[in-house]
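**Q** When you get a sec, could you give me coordinates for this:
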Amino acid sequence: MDSTPAQAPSRLAAGRLVGIVVVAASWLHAWSGNLADEDLWTHLHFGELKLRELAVPTIDRWSYSAAGHPWFNHEWGAEVVFALVFRAAGAAGLFAVKLAVAAVVLAAMLDAARTLARASGLGSIHAATWTSVLVLALAAIAPGASFRPQLFTMACLALEWQLLERADQRLFSPGSRRRVGWELALVPLVLLVWTNAHGGFPVGVGLLAVFVAGVCARALLARRLGEPAPPAPALVLVVFAGATAVAATLVNPYGTALYGYLAHTLGDHGRIAEWLPVPLWSTSHLPFELLVLATATIGVRWCLSRPERSARVDWRIAFLAVAAVYGLRHQRHTVLFAIVATPVLVVATEAVRRELVARLPALRPRRPVATAIAFGALAVACVQLTVVVARYARDGVAIRYARTEFPADAIAFVREHGIHGNMAVQFEWGGYTLQHLGDAARVFIDGRYEAAYPPAVMDDYAAFIDADPGWERVLDAYPTDVVLIDRATAVVPRLDARPDFVRVYADATTLLYVRRSPTNAAALDALTALARRTSSTPGDVVFP
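**A** Residues are numbered from 1 along each chain as shown. Take a look at the predicted model:
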């Protein structure tokens, strides 16, 4: 229980109510966005393909640059779920999936925090503590709250952390009659689902390895120091559960080869923005940076001040250190750090709060100050809820995307005039093109990136887009018939100078070129007359 002086029950209840409202508003604001991810078309296209063929394709058949190349579709399970849900309920179903994941992540973080608080002897957590940490964590998680398979990594990581937290409490609780329970038995199932839903599952394998090593190391140290420790049979079961979970990850369409692919391609994402390092002097990832700073100070201090000396050998802090490094190196991993740091930070912050209030009672806010803080927090929550309600009133459950960011009008032009063939499109537009043109086009590259394309193709694409030396290989070394490209790319002047490619369409976003041949000269002349279009219809469009 709280070691600070007791507060009136009505005041505590009011504080909890304010906290619930504020966290709920932040949760909705973070997770209710309705902008389509650029790969959503890719996932639906290939999810539908799997449902039609009842198989997971392992060879590329949809590009002309890498046809026949192995395809490690490490998101196949998520794509099938997306396709099934979209078939049944459209965009509303995809929203339901995203909000369900959001609920799982929040519930798992809260349960892990409560479990750790009980194990640390803190009991209940003050509303101000969990509210502050959760609001910050939700802001850090928000960039990952999109319609994409990474949702399954977020949910599985939160669930695994929750299960391991409960398993740790059972192992090191002196009064526990059974030191190993159902929690560890469920971890292999979580990793089995994770492995077949998204390629982020090695994070879960790494977490489990750190947990097993940390538990064993703490148990050995506890025995030396004469502190309570789990018996040897319990540690054997922990190791067995870890080995079983790792074996479960081999149950996938690629077996052990999936590990080799993931290890080989980890460094092949440098051209994708979310795989770049976090810009430390920018505010773009400020919530994540604040979480790292708080964990490095408050979290580590709490760990080192725990009364049991053996408890200072903590698997949580070890994993958080690794997660922070990867989060700083790759922007997409900032979300994962926020998920695992939240339970520890809630407990560590509460421990520090109690210590400070015990030493300096004047830090406890008086009723007028606490009331002002509560009303300020509620005002912010009202603003967030207003944004959510306004978005829903405008769009309902429709998923939207900006017309200026995708070739919506150009693809309509292509379909209207029967243009088909091998299309060199922007990397970001590959899935959109495949979904809307189907068998009428094969693409040079798409969002599957290193999962389906060899490094040479990715290098040729980068040189083409940037007009670097060798840019013409995309046109000359591959059977490219059509080029669909953002008009702001560096290669546009060079394309305009090529006599064998004719610009047949232009709008504010997109340029379309078709290769000239003896058989299509007349058709190109007719299309060229339409190429003076320079503006798109304003506003967003509705997915798909």
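**Q** quick one: buried residues of stretch 114-126?
**A** The neighbour-count check on stretch 114-126 (16 or more other Cβ atoms under 10 Å) flags 114-117, 119-120, 122, 125-126 as buried. Using the backbone N, CA and C atoms, a C-beta is placed for each residue, glycine as well.
**Q** for the stretch 51-200 of the chain, what spans make up the helices?
**A** 76-119, 127-141, 150-171, 182-197 (DSSP state H, counting those that start in this stretch).
**Q** So which of the ones you listed is nearest residue 373?
**A** The closest of the helices of the stretch 51-200 of the chain to residue 373 is helix 127-141. By Cβ to Cβ, the value is 8.0 Å.
**Q** can you give me the offset of that closest one from its chain's centre?
**A** Computed by Cα atoms, centre = their mean, to the nearest Å, the chain-centroid distance of helix 127-141 equals 18 Å.
**Q** can you redo the helices of the stretch 51-200 of the chain as CSV with distance to residue 369 and mean pLDDT?
**A** Below are the helices of the stretch 51-200 of the chain laid out as CSV (distance: least, Cβ to Cβ, whole Å; pLDDT from 0 to 100):
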stretch, distance to residue 369, mean pLDDT
helix 76-119, 26, 94
helix 127-141, 12, 93
helix 150-171, 34, 95
helix 182-197, 41, 95
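**Q** can I get those helices in a markdown table with distance to residue 44?
**A** Below are the helices of the stretch 51-200 of the chain laid out as a markdown table (distance: least, Cβ to Cβ, whole Å):
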| stretch | distance to residue 44 |
| --- | --- |
| helix 76-119 | 6 |
| helix 127-141 | 24 |
| helix 150-171 | 14 |
| helix 182-197 | 15 |
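**Q** Can you identify each of the strands in the protein by residue range?
**A** 400-402, 421-425, 441-443, 482-486, 501-506, 510-515, 540-542 (DSSP state E).
**Q** nearest to residue 473, of the ones you listed?
**A** strand 421-425 (10.8 Å).
**Q** Quick one: list the elements packing against that closest one.
**A** helix 430-437, strand 441-443, strand 482-486 (3 or more Cβ pairs under 8 Å, 6 or more residues apart in numbering; DSSP states H and E).
**Q** The helices of the stretch 51-200 of the chain: which one's closest to residue 226?
**A** Minimum separation from residue 226 across the helices of the stretch 51-200 of the chain (Cβ to Cβ) falls at helix 150-171, 17.4 Å.
**Q** Mind checking the helices of the stretch 51-200 of the chain for the one nearest to residue 424?
**A** Between the helices of the stretch 51-200 of the chain, helix 76-119 lies closest to residue 424; by Cβ to Cβ that is 24.5 Å.
**Q** which other helices and strands contact that closest one?
**A** Counting contacts by 3+ Cβ pairs under 8 Å, 6+ apart, helix 76-119 packs against helix 9-31, helix 40-53, helix 127-141, helix 150-171, helix 182-197, helix 334-359.
**Q** Out of the strands of the chain, which is closest to residue 352?
**A** Ranking these by their distance to residue 352 (criterion: Cβ to Cβ) puts strand 400-402 first, at 43.0 Å.
**Q** What are the buried residues along the closest one?
**A** Buried residues in strand 400-402, defined by neighbour count with 16+ other Cβ under 10 Å: 400-401.
**Q** Start at 70, not 1
**A** Okay, residue one is now 70; in that scheme the one you just asked about reads as strand 469-471.
**Q** chain center to that strand: distance?
**A** 20 Å.
**Q** ditto for stretch 535-549
**A** 33 Å.
**Q** Ok, stretch 460-471 next?
**A** Relative to its parent chain, stretch 460-471 has a centroid offset of 21 Å by Cα atoms, centre = their mean.
**Q** picking up where we left off before, turn the strands of the chain into JSON lines, columns for mean pLDDT and distance to residue 169.
**A** Below are the strands of the chain laid out as JSON lines (pLDDT from 0 to 100; distance: least, Cβ to Cβ, whole Å):
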{"stretch": "strand 469-471", "mean pLDDT": "84", "distance to residue 169": "21"}
{"stretch": "strand 490-494", "mean pLDDT": "93", "distance to residue 169": "33"}
{"stretch": "strand 510-512", "mean pLDDT": "92", "distance to residue 169": "32"}
{"stretch": "strand 551-555", "mean pLDDT": "93", "distance to residue 169": "35"}
{"stretch": "strand 570-575", "mean pLDDT": "88", "distance to residue 169": "41"}
{"stretch": "strand 579-584", "mean pLDDT": "91", "distance to residue 169": "36"}
{"stretch": "strand 609-611", "mean pLDDT": "68", "distance to residue 169": "22"}
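**Q** how about those strands in a markdown table, adding distance to residue 204?
**A** What follows is these, written out as a markdown table (distance: least, Cβ to Cβ, whole Å):
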| stretch | distance to residue 204 |
| --- | --- |
| strand 469-471 | 26 |
| strand 490-494 | 40 |
| strand 510-512 | 42 |
| strand 551-555 | 37 |
| strand 570-575 | 46 |
| strand 579-584 | 40 |
| strand 609-611 | 29 |
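**Q** Among these, single out whichever gets nearest to residue 288.
**A** Proximity to residue 288 (Cβ to Cβ) singles out strand 469-471 among these, at 52.3 Å.
**Q** Show me what the closest one is packed up against.
**A** Counting by 3+ Cβ pairs under 8 Å, 6+ apart, strand 469-471 packs on strand 609-611.
**Q** coming back round to it: of all the helices of the stretch 120-269 of the chain, which one comes closest to residue 378?
**A** With Cβ to Cβ as the criterion, residue 378 lies closest to helix 145-188 of the helices of the stretch 120-269 of the chain, at 15.7 Å.
**Q** Next, the angle from the closest one to helix 219-240.
**A** Helix 145-188 runs at 30 degrees relative to helix 219-240, counting by axes from the mean of the first three to the mean of the last three Cα atoms, to 10 degrees.
**Q** Please give the centre-to-centre distance between helix 145-188 and its chain.
**A** 12 Å.
**Q** circling back to that earlier point, for the buried residues of stretch 183-195, give me CSV that also has distance to residue 468.
**A** What follows is the buried residues of stretch 183-195, written out as CSV (distance: Cβ to Cβ, whole Å):
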residue, distance to residue 468
183, 35
184, 36
185, 37
186, 38
188, 42
189, 42
191, 42
194, 36
195, 39
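**Q** any idea which of the residues you listed is closest to residue 558?
**A** residue 185 (49.9 Å).
**Q** The closest one is in contact with residue 235, isn't it?
**A** No: applying Cβ atoms under 8 Å as the test, residue 185 and residue 235 come out as separate, 9.6 Å apart.
**Q** Mind listing the shared neighbours of these two?
**A** With contacts defined as Cβ atoms under 8 Å, 6 or more residues apart in numbering, no residue is adjacent to both residue 185 and residue 235.
**Q** Rebuild the helices and strands packed on helix 145-188 as JSON lines, extending it with distance to residue 393 and mean neighbour count.
**A** Converted to JSON lines, the helices and strands packed on helix 145-188 look like this (distance: least, Cβ to Cβ, whole Å; neighbours: other Cβ atoms under 10 Å):
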{"stretch": "helix 78-100", "distance to residue 393": "21", "mean neighbour count": "18"}
{"stretch": "helix 109-122", "distance to residue 393": "29", "mean neighbour count": "20"}
{"stretch": "helix 196-210", "distance to residue 393": "12", "mean neighbour count": "23"}
{"stretch": "helix 219-240", "distance to residue 393": "15", "mean neighbour count": "24"}
{"stretch": "helix 251-266", "distance to residue 393": "21", "mean neighbour count": "20"}
{"stretch": "helix 403-428", "distance to residue 393": "6", "mean neighbour count": "22"}
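**Q** now those helices in a markdown table, with distance to residue 473?
**A** Formatted as a markdown table, the helices and strands packed on helix 145-188 follow (distance: least, Cβ to Cβ, whole Å):
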| stretch | distance to residue 473 |
| --- | --- |
| helix 78-100 | 25 |
| helix 109-122 | 17 |
| helix 196-210 | 27 |
| helix 219-240 | 25 |
| helix 251-266 | 32 |
| helix 403-428 | 27 |
